[in-house]
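*Asks:* coords below, sequence missing:
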């Protein structure tokens, strides 16, 4: 059984930065696409970014492009989300997920992922 554990969340002021990590264990996720989602209070969980197993394909929500950077280190079985220029509206619980590669824009849909972490809270104050 695979397990994903997020870390790196916390409280920052607007304009600050955080780097989230997602450590995988129990199996090798090097052949999985890894994604980050977030869920703000009272809202549905939404896609943030994804990275293919090789790291050659990156996918972002347009509103986060340029502020967030997803990366992975397959040797460490870890995926990262570097977040800069944070805004209060970025406040949410951030989740990482792993899914097998499929055709099309499957990575946008949380139902297409096989493994999920428990989430890490990010709070951005104005």
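*Replies:* Happy to help now that I have it. These numbers were taken from a predicted model, which means no experiment stands behind them. Numbers count the residues shown, from 1 in each chain.
*Asks:* CA only for contacts and neighbour counts going forward, please
*Replies:* Fine.
*Asks:* now the spatially most central residue of the chain, nearest residue through space, not along the chain?
*Replies:* Geometric centre of the chain, nearest residue: residue 36, 2.1 Å, by CA atoms, centre = their mean. Nearest non-adjacent residue to residue 36, counting by CA to CA, 6 or more residues apart in numbering: residue 96, 4.5 Å away.
*Asks:* Just say helix, strand or coil for the one you found.
*Replies:* Secondary structure, DSSP: H, G, I helix; E, B strand; the rest coil: residue 96 is strand.
*Asks:* Quick check: the residue nearest to the centre of the chain touching residue 92?
*Replies:* No. Applying CA atoms under 8 Å, one finds residue 36 not in contact with residue 92, separated by 11.8 Å.
*Asks:* what about residue 103, how many neighbours?
*Replies:* Around residue 103 there are 6 other residues, counting by other CA atoms under 10 Å.
*Asks:* hmm, who's touching stretch 110-126?
*Replies:* Stretch 110-126 has contacts (CA atoms under 8 Å, 6 or more residues apart in numbering) with 2-14, 22, 47, 86-100, 106-107.
*Asks:* re the thing from before, packing partners of the helix or strand hosting the residue nearest to the centre of the chain?
*Replies:* Per DSSP states H and E: residue 36 is located in strand 32-39. Helices and strands touching strand 32-39, as assessed by 3 or more CA pairs under 8 Å, 6 or more residues apart in numbering; DSSP states H and E, comprise strand 46-51, strand 92-100.
*Asks:* quick one: it to strand 92-100, angle?
*Replies:* 160 degrees (axes from the mean of the first three to the mean of the last three CA atoms, to 10 degrees).
*Asks:* How far off centre is strand 32-39?
*Replies:* 4 Å (CA atoms, centre = their mean, to the nearest Å).
*Asks:* Same question for stretch 80-96.
*Replies:* Using CA atoms, centre = their mean, the offset of stretch 80-96 from its chain centre is 9 Å.
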